[in-house]
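Quick one: sequence and predicted model below, then my questions.
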2 protein chains.
Amino acid sequence: MIWYKEKNEDDIIISTRIRLARNLLKYPFPNAMTEQQVKTALEEAESQILSTPLANNFKAYRIGDMNAVEKRMLYEKHLISPDMLNKTNGAVMISQDDSTSIMLMEEDHLRIQVILGGFKLDEAYKTADETDNILDECMQFAFDEELGYLTSCPSNTGTGLRASVMMHLPALTLTDNISKIITSASKLGITVRGLYGEGSKAYGSLYQISNQVTLGLSENEIIEKVKNIVNQIATHEKDVRQKLRENNKDVLEDKLFRAYGTLRYARKISSQEAKSLISDVILGENMGIIQTVEQNLIELMILTEPAFVESIYQKTLTPDERDIKRAELIRQVFDK
Amino acid sequence: MIWYKEKNEDDIIISTRIRLARNLLKYPFPNAMTEQQVKTALEEAESQILSTPLANNFKAYRIGDMNAVEKRMLYEKHLISPDMLNKTNGAVMISQDDSTSIMLMEEDHLRIQVILGGFKLDEAYKTADETDNILDECMQFAFDEELGYLTSCPSNTGTGLRASVMMHLPALTLTDNISKIITSASKLGITVRGLYGEGSKAYGSLYQISNQVTLGLSENEIIEKVKNIVNQIATHEKDVRQKLRENNKDVLEDKLFRAYGTLRYARKISSQEAKSLISDVILGENMGIIQTVEQNLIELMILTEPAFVESIYQKTLTPDERDIKRAELIRQVFDK
């Protein structure tokens, strides 16, 4: 099941992502390849993968064959990276349950990604590792005895592993504690990024917590380190929620209920504002202030992203039209 | 019936006020009186008024005998002026139906005011004139053959008449056309003021349209002039509403429905914000965009003024508590 549909018991930890960067020994890194080399390598990698048992479970998509909405939906589902959107000669293979994707010819020749709802670093790593082992048997990866896996960008060299956890941190955001956390985490080799990773903003108070470097630590050490920091941040978020409850209950309730009122009645809403208001309502639900709907509201943040809105209405919309349709979708959810 | 409870057919014209300024010949103007003179003049005027047929219909209130909430409520009902709140030695006599009030020892010795719901300048003037005639028989007013009634401030000298109409002009406010109107009206001898008259802001897009001077025109000419401008402004407001409907429907609907959502769910709201949001919802009702409640929403603006909120909860509240109770009152109305 795709990560955002999983029923998640935890209020704060939304999803887990494991990514392994791998490159083919016989080709230069993608940024140094000719277009022809990219095409050849892509075809070769695709057919090699489809000769493994993975073939039964994975479906291949060529980026160049998809229209804008289809590509963008994969991005909004977090199954491909923002960079991938422009890789006309790239491809992605996605498992039937949408949990595993293998991007081809992105920054590295291969990016294996496993994304699961909830806090499941070990489980996600296990699946990624198994996939990596299967691929390792059918293709030769660029590997150095001393450095480990070689990658296009040195920050990924070593294990090639990025262990990442998406957290919903509305109280830390509201009270502006998040900037302190980003600074402290950075000193410990942990990066805190926005919803869509590198360079993206934390709309909806959603943050990705991940390891900065992949060299000098084993896979298990990286995962334990991320786990540890995630647990600390979650505790911090809970503490701040408790303090808000004790010291700013009226102001908090007002803010959260106003967000709810706006979502229930707005006729036009941007995806950024929608995420921010939905985030407030989720906090209200988590704190027992607002009783809302059955709908998983993290999922609603994804379902109201631009390409999702267009795909539901089956047509290209102007940004204004999209904002109107988004408001309509949100009202339908809250009117239930 | 007090003006804001009257069922008003007109969307734009809320209420009508006629005010006559009169002074007693035998005393200096209030600003030049000693405290003792004020007391003597007040007692004399009160007993003279209570010796007329008005005694059956009017009740007298000494400002110095009222607590802060009682005084402030009379002000919020527009039965006394803001200045009157601080006149410890002042008094007001109010008719049983709350339509007529006679302020004593405000800026002038007497201020006769008739306030009615709707656009009823002639009717209000008739009542004010009758009251004036009754008073004229029992006391001697300062009157000059050439200048007319003499008043503390020269701007009221002449007829002593201010004819004033309260209008709800949300579309002109939203589109910023109101400033042009204020300027043009001023050139025609018409003043446009906020909800509580001189110096007050037009919260809730409520404006008072009235004559600037009372000299050089007869009472009827003043009233006709105000009527004329009010009708022009009302037409202008309707035109702008129509244009908004044609050119900015989506943005307008969104704004008005968001106001509705905020009123339905806010937990804390200032009287200023409440008026502004209620004004949006009224516009939504008037334009057939929002179907809301039975409650007269202009009345709700008054009922959520600070003293009203305190009087309902029968206790002194801090501003924060008042904002919470106000939100509660508003939710009760909209939850029906």
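Noted; the coordinates are in hand. Residues are numbered from 1 along each chain as shown, chains lettered A, B, ... in the order given.

quick one, longest helix in chain A?
Using DSSP state H, we find that the single longest helix of chain A is helix A:219-247.

Which other helices and strands does it contact?
Under the contact criterion of 3 or more Cβ pairs under 8 Å, 6 or more residues apart in numbering or on different chains; DSSP states H and E, helix A:219-247 touches helix A:121-138, strand A:161-168, helix A:170-174, helix A:178-187, strand A:190-193, strand A:206-211. Every C-beta, even on glycine, is put in place using the N, C-alpha and C of the backbone.

Please work out which of these is packed deepest.
Highest mean neighbour count among those (mean count of other Cβ atoms under 10 Å in any protein chain shown): strand A:161-168, with a mean of 26.

May I see the helices and strands packed on helix A:219-247 organised as CSV, with distance to chain B and mean pLDDT added?
Shown next, in CSV, are those (distance: least, Cβ to the nearest Cβ, whole Å; pLDDT from 0 to 100):
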stretch, distance to chain B, mean pLDDT
helix A:121-138, 38, 96
strand A:161-168, 21, 96
helix A:170-174, 16, 95
helix A:178-187, 25, 92
strand A:190-193, 31, 93
strand A:206-211, 24, 96
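
residues in contact with stretch A:137-149?
Under the criterion Cβ atoms under 8 Å, 6 or more residues apart in numbering or on different chains, residues A:20-26, A:45, A:48-49, A:51-52, A:135, A:150, A:156-160, A:214-215 lie in contact with stretch A:137-149.

got the CA coordinates for that stretch in PDB?
Output in PDB follows, covering the C-alpha atoms of stretch A:137-149 (Å, rounded to 0.1, in the frame of the first residue of the first chain):
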ATOM      1  CA  GLU A 137      23.700 -10.200  -9.400                       C
ATOM      2  CA  CYS A 138      22.700  -9.000 -12.800                       C
ATOM      3  CA  MET A 139      24.800  -5.900 -13.100                       C
ATOM      4  CA  GLN A 140      28.200  -4.700 -12.000                       C
ATOM      5  CA  PHE A 141      28.100  -1.700  -9.600                       C
ATOM      6  CA  ALA A 142      31.000   0.800  -9.300                       C
ATOM      7  CA  PHE A 143      32.400  -0.100  -5.900                       C
ATOM      8  CA  ASP A 144      35.700   0.800  -4.300                       C
ATOM      9  CA  GLU A 145      37.100  -1.400  -1.500                       C
ATOM     10  CA  GLU A 146      38.000   1.700   0.600                       C
ATOM     11  CA  LEU A 147      35.300   4.200  -0.300                       C
ATOM     12  CA  GLY A 148      32.400   1.900  -0.900                       C
ATOM     13  CA  TYR A 149      29.800   2.600  -3.600                       C
END
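
If we go by neighbour counts, what in it is buried?
For stretch A:137-149, a neighbour-count test (16 or more other Cβ atoms under 10 Å in any protein chain shown) marks A:139, A:141-142, A:148-149 as buried.

Out of those residues, which comes closest to chain B?
Using Cβ to the nearest Cβ, the shortest approach to chain B within the buried residues of stretch A:137-149 belongs to A:Tyr149, at 50.9 Å.

so how far is the longest helix of chain A off the chain centroid?
Computed by Cα atoms, centre = their mean, to the nearest Å, the chain-centroid distance of helix A:219-247 equals 19 Å.

The helix or strand just after it: how far from the chain's middle?
Next along the chain after helix A:219-247, taking DSSP states H and E as the criterion, comes helix A:249-265. Distance of helix A:249-265 from the chain centroid (Cα atoms, centre = their mean) equals 27 Å.

Just the buried residues of the helix or strand that comes right after helix A:249-265, please?
Per DSSP H and E, the first helix or strand lying C-terminal to helix A:249-265 is helix A:271-286. Using 16+ other Cβ under 10 Å as the test for burial, helix A:271-286 gives A:271, A:273-286.

next one: stretch A:318-331
Going by neighbour count (16+ other Cβ under 10 Å), the buried part of stretch A:318-331 is A:321-331.

any idea how chain A splits into domains?
A:3-238, A:249-334 (automatic domain parsing).

Distance across the longest one, terminal residue to terminal residue?
Read it as domain A:3-238. Start and end residues of domain A:3-238 are separated by 23 Å (Cα to Cα, to the nearest Å).

Helix, strand, or coil at the closest residue in space to A:Ser155 that isn't next to it in sequence?
Nearest residue to A:Ser155, sequence neighbours excluded (Cβ to Cβ, 6 or more residues apart in numbering or on different chains): A:Val213, at 5.9 Å. On the three-state scheme (DSSP: H, G, I helix; E, B strand; the rest coil), A:Val213 is labelled coil.

Next: the one 4 residues further on.
In the three-state summary, A:Leu217 is assigned as coil, counting by three-state DSSP.

Tell me who's in contact with it.
Counting by Cβ under 8 Å, 6+ apart, A:Leu217 makes contact with A:158-159, A:211, A:225.

what separates it from A:Gly189, distance-wise?
Look at A:Leu217 and A:Gly189: by Cβ to Cβ, to the nearest Å, they are 8 Å apart.

what do these two both touch?
Contacts common to A:Leu217 and A:Gly189, judged by Cβ under 8 Å, 6+ apart, are A:211, A:225.

A:Ile14: neighbour count?
Using other Cβ atoms under 10 Å in any protein chain shown, A:Ile14 has 24 neighbouring residues.

now the one 3 residues further on
When counting by other Cβ under 10 Å, one arrives at 22 neighbours for A:Arg17.

ok, now which ones touch it?
The contact partners of A:Arg17, by Cβ under 8 Å, 6+ apart, come to A:78, A:113-116, A:124, A:162-166, A:208, A:210.

now those in TSV, with distance to B:Glu106?
Output for these, formatted as TSV (distance: Cβ to Cβ, whole Å):
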residue	distance to B:Glu106
A:His78	69
A:Gln113	77
A:Val114	79
A:Ile115	73
A:Leu116	74
A:Ala124	77
A:Arg162	76
A:Ala163	76
A:Ser164	71
A:Val165	69
A:Met166	66
A:Gln208	66
A:Ser210	71
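
circling back to that earlier point, now do the contacts for the residue nearest to A:Ser155.
Per Cβ under 8 Å, 6+ apart, neighbours of A:Val213: A:155, A:158, A:189.

By pLDDT, rank those and give me the bottom one.
Within the contacts of A:Val213, pLDDT reaches its minimum at A:Ser155, with 89.

from memory that one sits against A:Thr191, does it?
No - A:Ser155 lies out of contact with A:Thr191 (Cβ atoms under 8 Å); the separation is 9.9 Å.

which residue sits closest to the residue sitting nearest the centre point of chain A, ignoring its sequence neighbours?
The residue lying closest to the centre of chain A (Cα atoms, centre = their mean) is A:His78, at 4.5 Å. Spatial nearest neighbour of A:His78, chain neighbours left out: A:Ile115 (5.8 Å); criterion: Cβ to Cβ, 6+ apart.

Could I get the buried residue list for the helix or strand harbouring the one you found?
Secondary structure from DSSP H and E places A:Ile115 in strand A:110-117. Neighbour counts over strand A:110-117 (16+ other Cβ under 10 Å) mark A:110-117 as buried.

what's stretch A:260-272 in contact with?
Outside of stretch A:260-272, the residues within contact range by Cβ under 8 Å, 6+ apart are A:203, A:274, A:277-278, A:280-281, A:284, A:290, A:292, A:304-306, A:320, A:323-324, A:326-327, A:330-331, A:334-335, B:250-251, B:253-254, B:257-258, B:260-266.
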